[in-house]
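A.B. asks: no FASTA, just this:
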């Protein structure tokens, strides 16, 4: 029998067949079939950040929505990052945050100031109504005839001038952008006044030969004068009662220049929404000016008037002090109620004031901080408070854990936490104590389940 052995030549062993790109692609399709195209598409998507973002965005949005509807764990995770980013942004450049809050804070501050001034005007009205001079009776009659309050009539009769209203009007459309009003003025319809001024301006421009950029600067209506200052894209108009003060036109000119400096682009591209110009109200409000007449008293009545005004001043000071004292006392009382309500194991059911004393009625857990200790703080110790608390067992987490520690003699090596009525124990303790804890812990009200997965038995004796 003959055996034939074929030996490959050295050159043949060194050769290695190579495939072209098209052949490799064909081979992949033969090996993977239809899945090759899908895998190739996924590879391209993963390597292209723009395509990957388009695929991830809807899934991420859906995941966030689903997570937020089920629990708040995502919110707890994002809160530190968002808070840190906000603090970092404010520390580097607080202006963007301040600009974003300005439209909200401005109206709130103005509303607060307006309420304070209204209350002050009401108190002033009560004081002035005690006057019985002939002039006072005449002013009372005028107040009854015009429907105004007595204090408003007195202010109007003692005014040298008052800028009652200021209008900011879009020059091209004639629409009202913003409007501010003094506390004692009466406004019928700002939009109607804006349209009237625009119509008068158009009438003058069409009826008389005037320069293209010139316009109406003032308009007098009885004891009212309307001052107008024109800008490239907006017009500012002020309604002045009484003698127009010198320099008022300059004030309006500076205001319209400031408005164009900051809002020129928005004025040129106005879309009919005046809300975007609400932050300009402080600039318009700065044009509201008031000046009262200063008439020297008659010599024969100088001493009487001095005594009268001294008495009125003392009365006003007394009322102001009483109001301040009552306000401070009321704030302390509200703060005390808040502190009592925030204390674990303490529930306030009633809180009221009677005959100069404050009474607090409620429920108190034996392990809670005694309310008598809380009212001994410096801020509350001068407040006359009567306490009436009945005992009860609180289910607040802090009180419940304190009760378990005290009743079951929890060793220092064991840590207890309470979440959603599930008591978690971790650390290490003796086998005998763990068995007693396993039996007794569920007996406490407020405990539905005990988790001892992280609690280990002591191995050392």
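C.D. replies: Arrived safely. Because the structure is a prediction, the values reported are computed rather than measured.
A.B. asks: was I right to think residue 280 contacts residue 261?
C.D. replies: No: applying Cβ atoms under 8 Å as the test, residue 280 and residue 261 come out as separate, 11.3 Å apart. (Each C-beta comes from the backbone N, C-alpha and C, glycine too.)
A.B. asks: and the longest helix for the protein?
C.D. replies: helix 299-342 (DSSP state H).
A.B. asks: helices and strands around it, which ones?
C.D. replies: Helix 299-342 sits against helix 95-128, strand 346-354, strand 357-364, helix 371-374, with contacts defined as 3 or more Cβ pairs under 8 Å, 6 or more residues apart in numbering; DSSP states H and E.
A.B. asks: for those, which has the smallest mean pLDDT value?
C.D. replies: Confidence, taken as mean pLDDT, is least for helix 95-128 of these (a mean of 65).
A.B. asks: domains in this structure, by residue range?
C.D. replies: Residue ranges of the domains in the chain are recorded as 44-92, 108-201+215-292, 324-391, 397-457, according to automatic domain parsing.
A.B. asks: residue 22 is nearest to which of these?
C.D. replies: Relative to residue 22, the nearest member of those by Cβ to Cβ is domain 44-92, separated by 18.4 Å.
A.B. asks: I'd like the average pLDDT over the closest one.
C.D. replies: Domain 44-92 shows an average pLDDT of 73 in the prediction.
A.B. asks: can you get me the start-to-end distance on that domain?
C.D. replies: In terms of Cα to Cα, to the nearest Å, the two terminal residues of domain 44-92 are separated by 40 Å.
A.B. asks: so residue 280 and residue 261 - more neighbours on which side?
C.D. replies: A direct count of neighbours by other Cβ atoms under 10 Å for residue 280 and residue 261 places residue 280 higher, at 22 against 8.
A.B. asks: tell me the SS of the more buried one?
C.D. replies: Here residue 280 takes the helix state, with states given by DSSP: H, G, I helix; E, B strand; the rest coil.
A.B. asks: who's in contact with it?
C.D. replies: With contacts defined as Cβ atoms under 8 Å, 6 or more residues apart in numbering, the neighbours of residue 280 are 168, 177-178, 259, 263.
A.B. asks: show only the entries of the residues you listed found in helices.
C.D. replies: Per DSSP H, helices hold the following members of the contacts of residue 280: 259, 263.
A.B. asks: between the contacts of residue 280, which is closest to residue 226?
C.D. replies: Looking across these and measuring by Cβ to Cβ, the closest to residue 226 is residue 168, at 13.9 Å.
A.B. asks: contact partners for residue 444?
C.D. replies: Residues 400, 403-404, 407 are the ones in contact with residue 444 under the rule Cβ under 8 Å, 6+ apart.
A.B. asks: find the pair from those with maximum spatial separation.
C.D. replies: Using Cβ to Cβ, the contacts of residue 444 span at most 10.7 Å, a distance reached by 400 and 407.
A.B. asks: and of the contacts of residue 444, the nearest to residue 370?
C.D. replies: Nearest to residue 370, judged by Cβ to Cβ, of these is residue 403 at 16.5 Å.
A.B. asks: pairing partners for the nearest residue to residue 447 once chain neighbours are set aside in the sheet, please.
C.D. replies: By the measure of Cβ to Cβ, 6 or more residues apart in numbering, the closest residue to residue 447 outside its immediate chain neighbours is residue 423, 5.2 Å from it. With DSSP bridges as the criterion, residue 423 is bridged to residue 418, residue 450.
A.B. asks: report the contact partners of residue 423.
C.D. replies: Under the criterion of Cβ under 8 Å, 6+ apart, the neighbours of residue 423 are 404, 416-417, 441, 447, 449-451.
A.B. asks: likewise residue 169?
C.D. replies: Contact criterion Cβ under 8 Å, 6+ apart gives 175-177, 194, 197-198, 234-237 as the residues in contact with residue 169.
A.B. asks: return the subset of the residues you listed lying in strands.
C.D. replies: Secondary-structure check on the contacts of residue 169 using DSSP state E: residues within strands are 176-177, 234-237.
A.B. asks: among these, which one lies nearest to residue 354?
C.D. replies: Nearest to residue 354, judged by Cβ to Cβ, of these is residue 176 at 52.4 Å.
A.B. asks: and for residue 344, the neighbour number?
C.D. replies: Each residue near residue 344 was counted by other Cβ under 10 Å, and the total is 15.
A.B. asks: looking at it now. What's its pLDDT?
C.D. replies: According to the per-residue confidence, residue 344 scores 87 in pLDDT.
A.B. asks: now the domains of the chain in JSON lines, with distance to residue 27?
C.D. replies: Rendered in JSON lines, the data for the domains of the chain read as follows (distance: least, Cβ to Cβ, whole Å):
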{"stretch": "domain 44-92", "distance to residue 27": "20"}
{"stretch": "domain 108-201+215-292", "distance to residue 27": "61"}
{"stretch": "domain 324-391", "distance to residue 27": "72"}
{"stretch": "domain 397-457", "distance to residue 27": "53"}
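A.B. asks: and those: which comes nearest residue 30?
C.D. replies: Residue 30 lies closest to domain 44-92 among those, at 21.1 Å (Cβ to Cβ).
A.B. asks: from memory residue 225 sits against residue 245, does it?
C.D. replies: No: counting by Cβ under 8 Å, no contact exists between residue 225 and residue 245, whose distance comes to 10.5 Å.
A.B. asks: which of those two has more residues huddled nearby?
C.D. replies: Set side by side, residue 225 and residue 245 show more neighbours around residue 225, with 19 against 15, by other Cβ under 10 Å.
A.B. asks: in what helix or strand does that one lie?
C.D. replies: strand 224-230 (DSSP states H and E).
A.B. asks: so what are the sheet partners of that strand and their directions?
C.D. replies: Strand pairing for strand 224-230, determined by DSSP bridges: strand 218-221 (antiparallel), strand 234-242 (antiparallel).
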